[in-house]
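Visitor: Coordinates for the following, if possible.
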Amino acid sequence: MASYVAAIDQGTTSTRCMIFDHSGRVVSVDQVEHRQIFPKAGWVEHDPVEIWTNTRQVCAGALAKADLVSSDVVAVGITNQRETTVVWEKATGKPVYNAIVWQDTRTDEIVNALAAGEDGQNRYQRKTGLPLATYFSGPKVKWILDNVEGTRERAERGELLFGNMDTWVLWNCTGGPDGGLHVTDPTNASRTMLMDLERLEWDADICAELGVPMAMLPEIRSSSEVYGKFRERGVFAGIPIAGILGDQQAATFGQACLSPGEAKNTYGTGNFVLLNTGTERVISENGLLTTVGYKIGGNDTVYCLEGSIAVTGSLVQWLRDNLGLIASAPEIEQVASTVEDNGGAYFVPAFSGLFAPHWRSDARGAIVGLTRYVNRGHLARAVLEATAFQTREVIEAMNADSGVPLKSLKVDGGMVGNELLMQFQADILGVPVIRPVVAETTALGAAYAAGLAVGFWASEEDIRSNWAKDKQWDPKMPTELREKQYAQWQKAVSKTLNWVD
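Guide: This is a model prediction of the structure:
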């Protein structure tokens, strides 16, 4: 009988289950979107109960679409939107508040107060690899405990649990209030701003300063091991859950970026560039994050430098849903192709401030360079080009930190089917851009982590041999034009700063 590995991919806009064969090819996929909740400007929330319902639905759907049963699956991995924060009751599984999403900026005052000391934004960087920013989970937990009545006292009594979405999904899959496992892995723990990056343990001093009781925190285990089994009722009953990787680390693993110096860029709701630095923790001097790349069982921890960009694919959604300039996301390529260039228009999508390498929560989005000449096609092109320009900013910071210029960029995620964008990305970087056969590598990486833990794949060499190139874009733009356009982009970014007092 054929056997497969499944991955639950709990993302920012949807949850899906993907099933893979031994060659790393997709056997089936089922996907359901969830609501994006915007209570106030800068606030972004999800309903954790809706997401758990969707998780069960897509797991059943993926099996049904491939005409499989649970016993055909040897292991399941979990990958997830990172930093998105849930606090729930241990006894009932009821969230005390909606999940606060990674894009949310409500913790700005908390972050600014923490940054008021002599080390400023770098207060915890040496320990955690992270600058102080609204992005991370720790300040979000503090906000819930400070603002939801009774939660701090209940947390201190050990009645409440915290987790990023991996922990929420795992806890529910393994029984919830009836013995659910309260576990995370180092890739997710490293995004909380509460974990010591060297020891892979929660840091008591930082937790105390943020007022987060350590009793709330999940156990940190490796990214690839059997944590437990699915609860006996429902889909995948009794199947081992054996891998957890935050979504961007999962994509790095799925792209077989397993040696120092290998990098990938995922084009999703936001963009995330990760560079494997091996077992060395490189502390960035140029606005990047130092993060855990993965830890396979008892092997040494592998670290990455990361450039996180908040708004890329979600800008296309905004153009569709808020402005109605396109009817569907794929239509943007067709509209952008009606013009030769951006007509002088630049779009800086600082909807939640600017992430790497700027880390400016005071920035807000702007379209600059508008004239009567600019039309719908120019705006569509400016939206796509914003993704490529932001990626170049991150790559330049990465080159400076690592001292090794990037020679090519592996790409994955939903936007890599847009060939106009991929060509412009190669043009503005000046290096080849390479898309793999399996472009949705996030779920694949989680499947690899789970499959390695149960022996479905023998070693990381199996992952390397499974990777295959689908298409490559080489730069065609003259150097002078490339640098002129990038200089205009940097000028546009300067117009977004200091908007929020």
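Visitor: Phi and psi next, for Lys407.
Guide: phi -100, psi -30 (degrees, to the nearest 10).
Visitor: right, and it touches Gly430 too?
Guide: No. Taking C-beta atoms under 8 Å as the definition, Lys407 is not a contact partner of Gly430, at 10.5 Å. C-beta: built from backbone N, CA, C; applies to glycine.
Visitor: out of those two, which sits in the more crowded spot?
Guide: Set Lys407 next to Gly430 and count neighbours by other C-beta atoms under 10 Å: Gly430 wins out with 16 against 9.
Visitor: so how far is Gln488 from the closest residue to that one other than its chain neighbours?
Guide: Excluding the flanking residues, the one nearest Gly430 by C-beta to C-beta, 6 or more residues apart in numbering is Pro475, at 5.1 Å. To Gln488, Pro475 is 18 Å away according to C-beta to C-beta, to the nearest Å.
Visitor: before we move on, what about Ala439?
Guide: 30 Å.
Visitor: Name the residue in those two with the higher neighbour count.
Guide: Set Ala439 next to Gln488 and count neighbours by other C-beta under 10 Å: Ala439 wins out with 22 against 16.
Visitor: What is the burial count for the residue nearest to Phe389 when sequence neighbours are not counted?
Guide: Sequence neighbours aside, Trp489 is the residue nearest to Phe389 in space, at 4.2 Å (criterion: C-beta to C-beta, 6+ apart). Counted with other C-beta under 10 Å, the neighbours of Trp489 add up to 23.
Visitor: how about Trp489, what does it touch?
Guide: Trp489 makes contact with Tyr346, Val348, Glu385, Phe389, according to C-beta atoms under 8 Å, 6 or more residues apart in numbering.
Visitor: repeat for Val73
Guide: Ser3, Tyr4, Val5, Ala6, Ile19, Leu63, Phe236, Ile239.
Visitor: Swap in 10 Å and give it another go.
Guide: Residues near Val73 by C-beta atoms under 10 Å, 6 or more residues apart in numbering: 3-6, 19-20, 59, 62-63, 66, 230, 235-236, 239-240, 450, 456.
Visitor: what do you get for Gly403?
Guide: Gly403 is in contact with Val282, counting by C-beta under 10 Å, 6+ apart.
Visitor: any idea where the strands of the stretch 251-400 of the chain begin and end?
Guide: For the stretch 251-400 of the chain, the strands defined by DSSP state E, counting those that start in this stretch cover 263-267, 271-278, 289-294, 302-309, 346-348, 366-368.
Visitor: How far does stretch 292-309 sit from its chain's centre?
Guide: Counting by C-alpha atoms, centre = their mean, to the nearest Å, stretch 292-309 is centred 14 Å from the centre of its parent chain.
Visitor: Quick one: end-to-end length of stretch 240-257, please.
Guide: 26 Å (C-alpha to C-alpha, to the nearest Å).
Visitor: ok now it, how far from the chain's centre?
Guide: 11 Å.
Visitor: Just the buried residues of it, please?
Guide: Within stretch 240-257, the residues that qualify as buried are 240-257, counting by 16 or more other C-beta atoms under 10 Å.
Visitor: Likewise for stretch 165-172?
Guide: Neighbour counts over stretch 165-172 (16+ other C-beta under 10 Å) mark Met165, Asp166, Thr167, Trp168, Val169, Leu170, Trp171, Asn172 as buried.
Visitor: give the contact list for the second one.
Guide: Yep, that's Asp166 we're talking about. 8, 10, 77-82, 84, 183-185, 187-189, 218, 244-247, 446.
Visitor: now the helices: where do they sit in the stretch 51-200 of the chain?
Guide: For the stretch 51-200 of the chain, the helices defined by DSSP state H, counting those that start in this stretch cover 108-114, 125-128, 137-147, 151-156, 165-173, 186-189.
Visitor: Just send those back as TSV, with distance to Val27 too.
Guide: Below are those laid out as TSV (distance: least, C-beta to C-beta, whole Å):
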stretch	distance to Val27
helix 108-114	43
helix 125-128	38
helix 137-147	33
helix 151-156	42
helix 165-173	20
helix 186-189	25
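Visitor: Return the most buried member of these.
Guide: Comparing these by mean neighbour count (mean count of other C-beta atoms under 10 Å), helix 186-189 comes out on top with a mean of 29.
Visitor: how far is that helix from where the chain is centred?
Guide: That offset, for helix 186-189, works out to 12 Å (C-alpha atoms, centre = their mean).
Visitor: pLDDT on it, on average?
Guide: For helix 186-189, mean pLDDT is 97.
Visitor: average pLDDT across stretch 467-474?
Guide: 93.
Visitor: One more: stretch 165-175?
Guide: Rounded mean pLDDT across stretch 165-175 is 97.
Visitor: centre of the chain versus that stretch, how much separation?
Guide: 18 Å.
Visitor: cool, stretch 471-486 as well?
Guide: 27 Å.
Visitor: Please save the CA atoms from it in PDB.
Guide: Extracted in PDB, the C-alpha atoms of stretch 471-486 (Å, rounded to 0.1, in the frame of the first residue of the first chain):
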ATOM      1  CA  LYS A 471      11.800  28.000 -14.300                       C
ATOM      2  CA  GLN A 472      14.600  30.600 -14.100                       C
ATOM      3  CA  TRP A 473      14.400  34.300 -14.800                       C
ATOM      4  CA  ASP A 474      17.700  36.100 -15.600                       C
ATOM      5  CA  PRO A 475      18.100  39.900 -15.300                       C
ATOM      6  CA  LYS A 476      17.700  41.900 -18.400                       C
ATOM      7  CA  MET A 477      17.500  45.500 -17.200                       C
ATOM      8  CA  PRO A 478      20.500  47.800 -17.800                       C
ATOM      9  CA  THR A 479      22.400  48.600 -14.600                       C
ATOM     10  CA  GLU A 480      21.800  52.400 -14.900                       C
ATOM     11  CA  LEU A 481      18.000  52.000 -15.100                       C
ATOM     12  CA  ARG A 482      18.000  49.400 -12.300                       C
ATOM     13  CA  GLU A 483      19.800  51.900  -9.900                       C
ATOM     14  CA  LYS A 484      17.700  54.800 -11.000                       C
ATOM     15  CA  GLN A 485      14.500  53.000 -10.300                       C
ATOM     16  CA  TYR A 486      15.800  51.800  -6.900                       C
END
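Visitor: Name the residues of that stretch that are buried.
Guide: Across stretch 471-486, burial judged by 16+ other C-beta under 10 Å covers Trp473, Pro475, Met477, Arg482, Gln485, Tyr486.
Visitor: picking up where we left off before, so for Asp401, which of the helices of the stretch 51-200 of the chain sits nearest?
Guide: Of all those, helix 125-128 sits nearest to Asp401, with 12.9 Å by C-beta to C-beta.
Visitor: packing partners for that closest one?
Guide: Helix 125-128 sits against strand 195-196, helix 204-210, strand 289-294, with contacts defined as 3 or more C-beta pairs under 10 Å, 6 or more residues apart in numbering; DSSP states H and E.
Visitor: hmm, 6 Å instead?
Guide: With contacts taken as 3 or more C-beta pairs under 6 Å, 6 or more residues apart in numbering; DSSP states H and E, helix 125-128 sits against no other helix or strand.
Visitor: which residues touch that helix?
Guide: Residues outside helix 125-128 that contact it (C-beta atoms under 6 Å, 6 or more residues apart in numbering) are Pro131, Met193, Asp196, Leu197, Asp203.
Visitor: Going by secondary structure, the residue nearest to Phe389 is in what exactly?
Guide: helix 479-494 (DSSP states H and E).
Visitor: Sounds good, over and out.
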